[in-house]
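Novice: make a model of this:
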Amino acid sequence: MSLRRRSSGASASDASRDAPAPAGGAPPAYTEDVRVAGALLADKLRTLYEEVMGEEKVFADPRIVDVVDKVQLVDGRGADANIVGTIHLTTSHLIFKGESEQKEIWVANNLIHSVERGPLSVAGCPLTIKCKHFQVLHLLIRRDKECGDLFESIRRCSQPLNIEELLAFDHRDGGEDAKGWSRLEWSIEFQRQGIDDGWTESDVNGDYAVCDTYPERLWVPAAASKQILLGSAAFRSKGRLPALTYHHRLSKASLCRCAQPLSGFSARCLEDERLMELIAKTNEAGDQLLLVDTRPMVNAMVNKVQGKGFEDERNYSGMRFQFFDIENIHVMRTSQTKLVEAQSRARSTSDYLRGLEASGWLKHLRAIMECAHYIASAIKNGTSCVVHCSDGWDRTSQTVALAQLLLDPFYRTIHGFEILIEKDWLAFGHKFDDRCAHTAAQNEEAAKEVSPVFSQWLDTVHRQFPRAFQFNARFLVHMHEYVYACQHGTFLGNCEKDRKDLAVARRTKSLWTHFDARAEDYTNPFYEPTLYTDLLALSTRAANIEVFAQLYSRWEDGILPRESLEDTMAQSLDHIAVLQTTIAAMEARVAELREMTGRGSVGSGSCVSSMSTAGTAGAPTTPMTSSTLSVAGRSGLSRQETAESGVYDARRLDPGGYGSAMAVVEGRGRVLGQRVYGRVRDESREAPPLPSLRKDLLPTLPEDGREGAVVSAVRRPFAPVGRREEDDE
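Specialist: Here you go, the predicted model:
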């Protein structure tokens, strides 16, 4: 076959004429380039025209930042067709509303982690939004200018410069919230733990004079003078002296926490050594003290060069030392990033397993669990412990909080778990603002402070003992989401002093009040409070450490929707409770009829008629008692009720609500839920509308789209792993 040779001076049009026609009559490849160039030129001309004519987007409500229509929501798998809709960007939320389908997505601005803009193509300009709760939105926008404007607006709204710009400060709509803000009462909590006369409350940190990242109220050995406490604080990093956080009622051993000493290579502090000795003597079972340094020993040695480091064993009598290899915040940040990439990019099982191994996430979880198990075992055996890392607010919080979960059944209840977080994470100064990036980083050093420390701790909870916890996995997933959403003031600030300065108790809502109002959604149906006293049977074998799928795979789609075992069990228990109530009502009616028959006041025909009536009209009018529910092993739980949970009332169809119908559960005397988009929502526990989203704010959105700030935690009870609303339709 002869080849015709083209001269170097031939034009591109000559080359295109010489190129063979593609098979199947498809246009040549250069045609797409021409279309892209044409689209860019048209967009530039349109932009120039708008600038010359002075046309700008003007919205009636100042809280609307941008509105872009004809946006395509692209399925990440490429299996489903794109959904065309409108993007509404407000000062608090990013909202996507489908045009022809009942598809609606609400994402709080603070949940947005990053936004990436791709190159313009024939289909449009791609925009990828990655969220802190691991949701990813792929959008396709028609015009390049619209995409650029939306890109800049999202970046600006998702990275507030001032903490008072967060949603929490606009979400206070009246009503007292004192109960939520007084969840932790120090005196009551230590009284519950059974502390004795060996410990006392100290005012050494009044007005945060000694340590501004510690709580004002500290419990220290009763024999420790103020001079000893001040001397120890001066010898500890950030002034974080050893203070009591837990006292074991049975073994009398105590758990204290602090920061690393400023020892360097030779420095020592007699006051600090004396305080450690007094902590050991508070234990009646023995005066030996175990000091746990959660850092790798290499890291601790490096800190010695900086004038910090760890305690010299020769200076502390009666003390044993133990190091654990829990890495620092920078390693954990990189590890989680690799884990998320392995979850989203792996195309095969082998690729995923290689990515999971490369992330090292499970190895880090195992190190935390081993350290917490070691501390809990020592406390139970009667040995008091002092735990620290570098500054005592990251790895220390992880290990001491998990150790208390293993030891104390109270902390495995919903109320107790909230108190544990208040005590060992909030009061003792975990830096939620810095670690969760609630505000934009002002410099590169501030950006390095971001790390998933609290998320990692949630990942270690609820392991291997599903019947030991009163709360379910949904509780942990939603808590993780609300920490980053900044809808409530509970997790704002870096310490207790910050929250007092911001007056969050007066200006914002408490997350605990929100959880209290929805406790039924977060109750574990398998919970058995008397089954376990401690969880020291926890296995730290590598085979027993798994990825928290409900958290990291929450938004993944599968071929078939995945059912939640906890929800199925809850629905079954509700069904049983309704049936038992109906049976009790019918038995009461039968007894009544027998009594009437015995007196001869009712004939056989009327008896049959009354019996038939008892099976229909009798049950709904009989109230459901707490004793009846306790037989079913569940107290008043109503979660995602279906028609099988009671008598389905076909007469109460909702002709204007997307083909929905009301599900009435007999015996409760109220409507429990309404099916919306194939899912049941509890109307009696509807979240109040946000003040930043008035009814006239977005007139094109349906009424049910304004009840929450977080797409999964407020609009609908809980999305099972891999399940979306349209999957149910």
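Novice: make it CA atoms for all contacts and neighbour counts henceforth
Specialist: OK.
Novice: contacts for stretch 451-458 next, please.
Specialist: 329-330, 332-333, 336, 365, 394-395, 398, 402, 435-436, 476, 480 (CA atoms under 8 Å, 6 or more residues apart in numbering).
Novice: same thing but 6 Å
Specialist: Under the criterion CA atoms under 6 Å, 6 or more residues apart in numbering, residues 329, 333, 398, 435 lie in contact with stretch 451-458.
Novice: so which of these wins on neighbours?
Specialist: Most neighbours among the contacts of stretch 451-458, by other CA atoms under 10 Å: residue 398, with 25 neighbours.
Novice: next, that residue: secondary structure please.
Specialist: Classification of residue 398 by DSSP: H, G, I helix; E, B strand; the rest coil places it in helix.
Novice: which ones are touching it?
Specialist: residue 457.
Novice: so what pLDDT did it get?
Specialist: For residue 398, the model assigns a pLDDT of 97.
Novice: now swap in residue 441 and tell me
Specialist: For residue 441, pLDDT reads 86.
Novice: separation between the closest residue to it other than its chain neighbours and residue 375?
Specialist: In space, and not counting its chain neighbours, residue 441 is closest to residue 447: 5.2 Å by CA to CA, 6 or more residues apart in numbering. Per CA to CA, to the nearest Å, residue 447 is found 32 Å from residue 375.
Novice: these two - which one has more neighbours?
Specialist: Counted by other CA under 10 Å, residue 447 and residue 375 do not tie: residue 375 has more neighbours, with 28 against 14.
Novice: still on that earlier bit, quick check: the farthest pair among the contacts of stretch 451-458?
Specialist: Greatest spacing in the contacts of stretch 451-458, by CA to CA: 333 and 398 (15.2 Å).
Novice: tell me which of the contacts of stretch 451-458 is nearest to residue 230?
Specialist: residue 398 (26.4 Å).
Novice: any idea how far that closest one is from residue 213?
Specialist: 17 Å.
Novice: low pLDDT regions in the protein?
Specialist: Counting by pLDDT under 70, the chain shows low-confidence ranges at 1-62, 78-79, 171-176, 557-563, 599-729.
Novice: mind naming the longest strand for it?
Specialist: strand 64-74 (DSSP state E).
Novice: other SSEs contacting that strand?
Specialist: strand 83-90, strand 136-141 (3 or more CA pairs under 6 Å, 6 or more residues apart in numbering; DSSP states H and E).
Novice: ok, residues contacting that strand?
Specialist: 82-90, 138-141.
Novice: tell me which two of those sit farthest apart.
Specialist: The distance between the two most remote of the contacts of strand 64-74 (CA to CA) is 23.5 Å, for 82 and 90.
Novice: of those two, who's got more company?
Specialist: residue 90 (24 against 16).
Novice: my read is residue 245 is in a strand, agree?
Specialist: Yes: counting by three-state DSSP, residue 245 is located in a strand.
Novice: ok, it to residue 211 distance?
Specialist: Distance from residue 245 to residue 211, by CA to CA: 16 Å.
Novice: settle it for me: which of those two has more neighbours?
Specialist: residue 245 (23 against 20).
Novice: my guess is that one contacts residue 258. True?
Specialist: No: if you go by CA atoms under 6 Å, residue 245 and residue 258 don't touch, sitting 10.2 Å apart.
Novice: find the residue at the geometric middle of the protein.
Specialist: residue 480 (1.5 Å; CA atoms, centre = their mean).
Novice: wait, a helix at that one?
Specialist: Yes: assessed by three-state DSSP, residue 480 belongs to a helix.
Novice: so the nearest residue to it once chain neighbours are set aside is in which element?
Specialist: Distances taken as CA to CA, 6+ apart place residue 455 nearest to residue 480, at 6.5 Å, with adjacent residues excluded. Per DSSP states H and E: residue 455 is located in helix 453-460.
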